[in-house]
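1. give me a model of this one.
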Amino acid sequence: MQHLVIASPHRYADLARLWHRWVMRDVAPAFRRAGLQADVTIFRDANSEQFTPELFPGVAFLDNGAGMRDHNDFYDAALGIDCDLLFFLDSDTFLFDADWACRHLEAFADPEVASVSLVSRKGRPAMFALLCRRAAYRELGPRPFRCRYEFPKDWPNGVSLENGDAATRELIKRGKKVLAVGLEESAQYTANFRSSTALRATREIIDAAAGDGAFDRCFRRHRAYTVPAHDNILLGCLYEALYGESFAPDREGKPLGGSATLEDLQRVVAAISDPDEIARLRERFRRSRQAILRMATREGVAIPIPAVFFDEEAEVREVASSSAD
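-> Model prediction:
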């Protein structure tokens, strides 16, 4: 029997509880039905005291330290786990149909297939949901998944390689195959709230270094924060419905104080005048609402969906109604 390990880095226990709930109920059992021994490993990137075994039954924990300082090191360190296949599933990635993921195991009948990316980045393989043959990546030498910069002297026209990009290139050079599921298919079967953790970590680091209020000033200036802020608001709606607790609280326990509140986000989007940017945000917000409502339906709970734009209430009600149907 082949051994698969579902591995994920987590920094915040509240999001990890949502992830764990889905993985233990749906994902791990699906792989076991497919004939694999399936185990789950969580890397506690921070706040390890919050990740108690009582909240995360059935999970093996790894902690940061020498040789595994953060989530970037974790991907490489996970290659040291004794298994045949690794399924890297990020903390903000959820599968609506775990059997669909298992069907991609068929690709490994070809010995040249090194991995299958179930959630791609701009159509290219990414680490968000990467099902991979452990031995193929170990053959690349130490730290194959690490990020790197190429041609830094040409910055800002250098090349920034994210986790796994260099490994993909090297595997292909060696004649291996790294497959990527198409964007349309992936969107049908997965939800990816990308950068929801990164936003919280960014706030944590900025406020610690520059004091309270420093992140709020950055949030008003940097548009890249708006989508993950909205995603955290939605994830908080689901989390509170399931557990009756605040999501992403600050040190005083204020809900979403460790991310950005709805009022914070509303003030930012109200100041946007570019119609193209507004249209892009509306579409991203709509996709996220659909994803969280699909998750709520799977959980059997009704959740409120807050509107961000002042004229958005009717659209929010329409999306919620179609999801309930």
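2. number of residues surrounding residue 46?
-> Around residue 46 sit 18 other residues, with neighbours defined as other CB atoms under 10 Å. Placement of C-beta: from N, CA and C, glycine included.
3. assumed it was part of a helix.
-> No. In this structure, residue 46 is coil, not part of a helix, as judged by DSSP: H, G, I helix; E, B strand; the rest coil.
4. for it, phi and psi?
-> Phi and psi for residue 46, reported as degrees, to the nearest 10, are phi -170, psi 170.
5. contacting residues for it?
-> Residues near residue 46 by CB atoms under 8 Å, 6 or more residues apart in numbering: 11, 12, 64, 201.
6. quickly note the distance from the third one to residue 142.
-> Right, residue 64. Shown here: residue 64 relative to residue 142, a distance of 18 Å by CB to CB, to the nearest Å.
7. more neighbours: the two, which one.
-> Of the pair residue 64 and residue 142, residue 64 is the one with more neighbours under other CB under 10 Å, namely 19 against 8.
8. just checking, the more buried one touches residue 70?
-> Yes. Between residue 64 and residue 70 there is a contact under CB atoms under 8 Å: 6.2 Å.
9. list residues touching both of the two?
-> With CB under 8 Å, 6+ apart applied, the overlap between the contact sets of residue 64 and residue 70 consists of residue 45.
10. where do the strands sit along this structure?
-> Ranges of strands within the chain are 3-10, 37-44, 59-63, 85-89, 93-95, 113-117, 129-133, 148-150, 159-161, 177-180, 190-192, based on DSSP state E.
11. helices and strands around the last one, which ones?
-> Just to be clear, that refers to strand 190-192. Contacts defined by 3 or more CB pairs under 8 Å, 6 or more residues apart in numbering; DSSP states H and E place strand 190-192 against strand 93-95, helix 275-299.
12. what stretches of the chain score poorly on pLDDT?
-> Regions of the chain meeting the criterion pLDDT under 70 cover residues 310-325.
13. quick one, helices of this structure?
-> Secondary structure of the chain (DSSP state H): helices at 13-22, 28-33, 71-77, 98-103, 134-138, 165-173, 183-189, 196-210, 214-221, 226-243, 262-270, 275-299, 313-324.
14. now the fourth one: buried residues?
-> Within helix 98-103, the residues that qualify as buried are 98, 100, 101, 102, counting by 16 or more other CB atoms under 10 Å.
15. now the third one: closest residue in space that isn't a chain neighbour?
-> It refers to residue 101. Counting by CB to CB, 6 or more residues apart in numbering, the nearest residue to residue 101 once its immediate chain neighbours are dropped is residue 95, at 5.6 Å.
16. how far is stretch 88-101 from where the chain is centred?
-> Counting by CA atoms, centre = their mean, to the nearest Å, stretch 88-101 is centred 9 Å from the centre of its parent chain.
17. only the C-alpha atoms, please, for it, written as PDB.
-> Coordinates of the C-alpha atoms in stretch 88-101 are reproduced here as PDB (Å, rounded to 0.1, in the frame of the first residue of the first chain):
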ATOM      1  CA  PHE A  88       0.900  19.900  -0.100                       C
ATOM      2  CA  LEU A  89      -2.500  21.600   0.600                       C
ATOM      3  CA  ASP A  90      -2.100  25.200   1.700                       C
ATOM      4  CA  SER A  91      -3.900  26.600   4.800                       C
ATOM      5  CA  ASP A  92      -6.300  28.700   2.700                       C
ATOM      6  CA  THR A  93      -7.100  26.000   0.000                       C
ATOM      7  CA  PHE A  94     -10.200  23.800   0.300                       C
ATOM      8  CA  LEU A  95     -11.500  21.000  -1.900                       C
ATOM      9  CA  PHE A  96     -15.200  20.700  -2.700                       C
ATOM     10  CA  ASP A  97     -14.800  17.200  -4.100                       C
ATOM     11  CA  ALA A  98     -11.900  15.100  -2.600                       C
ATOM     12  CA  ASP A  99     -12.700  12.300  -5.000                       C
ATOM     13  CA  TRP A 100     -11.900  14.600  -7.900                       C
ATOM     14  CA  ALA A 101      -8.500  15.100  -6.300                       C
END
